[in-house]
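[1] after the sequence you'll find the predicted model.
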Amino acid sequence: MTRAAFRRARRPEHKQQRREAILSAARELARTSGVRNVSLGAVAEAVGLAKSNIVRYFGTREEIYLVLLAEEWRSWADAVRAALRQSSEPGSPHRIALGQSSEHGSPQRIALGQSSEHGSPHRIATLLADTLIERPLFCDLLSHSSTTLEHNVSVEAARAYKVTALSLVAELGEHVAAAAGLSPREGAELVGAACALAGMLYQASNPPPALAQVYAEDPALDAACPKMEPSLARALTALAAGLPALREQQPG
């Protein structure tokens, strides 16, 4: 798309369309090239605008990707909720016993510290791991969140992102806790750890070209490179199983 194809957006709906065009271009570039390799200039060229026009909508490249990261958080949260609902249905091969709804409509947890056959730490961990691995863009963005994307942004952008991410961690923590026999605090800790580990493991399991060549030429080094799916599921299983044992050590 050429710059000549655009006219200055004046009406609110046109400005929103321009924002969506910028986000869409940035998203596609990140998917094809990786978040770290996308510059503000590349986004501007892809959407057909000058960089000076891009900053009318997003102050910096980092703000663009922080907004996309918030969108990915919401998409992942929807997927986790759906997976938990599906797993709780009778006859599901991966059924997780969520408990019956109370008279107020909220799920009743299984007793804290007790995981049913279907709500085992391994199955909860695998569900979280699978839904993350299905979202490589989310994992890529997570890997840059604290080191890059939360820097060089406005206070308003930083606050909006944190409110979204932390509220979803707390909400998903409630759902995970109900499925796994954890406390809400423990459920939120498991959800937060899942995302932190996914970001770290995504980078390790998707090495840059030089390291990829090293691994291809040296099987011993390649064996030491963590594979994302088994490493993430194993770490989350251990955390889910171990959290109840730490309750007495938690500060009041």
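    Received, thanks. Keep in mind that this is a model prediction, so the values were computed, not measured.
[2] sketch out the low-pLDDT regions of this structure for me.
    1-11, 89-119, 248-252 (pLDDT under 70).
[3] show me what contacts Leu128?
    Leu128 makes contacts with 80, 176, 190-191, 194, 236, as judged by C-beta atoms under 8 Å, 6 or more residues apart in numbering. (Each C-beta comes from the backbone N, C-alpha and C, glycine too.)
[4] swap in Gln16?
    With contacts defined as C-beta under 8 Å, 6+ apart, Gln16 has no neighbours.
[5] any idea which element it lies in?
    helix 12-33 (DSSP states H and E).
[6] list the contacts for the nearest residue to Ala241 once chain neighbours are set aside?
    The shortest distance from Ala241 to any non-neighbouring residue, by C-beta to C-beta, 6 or more residues apart in numbering, is to Pro121 (4.1 Å). Taking C-beta under 8 Å, 6+ apart, we find Pro121 in contact with 115, 180, 237, 240-241.
[7] hang on, the earlier thing: tell me which two in the contacts of Leu128 are the farthest apart.
    Val80 and Leu236 (12.6 Å; C-beta to C-beta).
[8] which of these two has more neighbours?
    For the pair Val80 and Leu236, the greater number of neighbours falls to Leu236 (25 against 22), based on other C-beta atoms under 10 Å.
[9] make sure that one is actually in contact with Leu197.
    Yes - counting by C-beta atoms under 8 Å, Leu236 touches Leu197, with 7.1 Å between them.
[10] before we move on, the earlier item: now the first helix or strand past the helix holding Gln16 going along the chain and helix 12-33, what's the angle there?
    Toward the C-terminus, helix 12-33 is succeeded by helix 40-47 as the next helix or strand (DSSP H and E). Inter-element angle recorded for helix 40-47 and helix 12-33: 110 degrees (by axes from the mean of the first three to the mean of the last three C-alpha atoms, to 10 degrees).
[11] what packs against helix 40-47?
    Helices and strands touching helix 40-47, as assessed by 3 or more C-beta pairs under 8 Å, 6 or more residues apart in numbering; DSSP states H and E, comprise helix 12-33, helix 51-54, helix 61-87.
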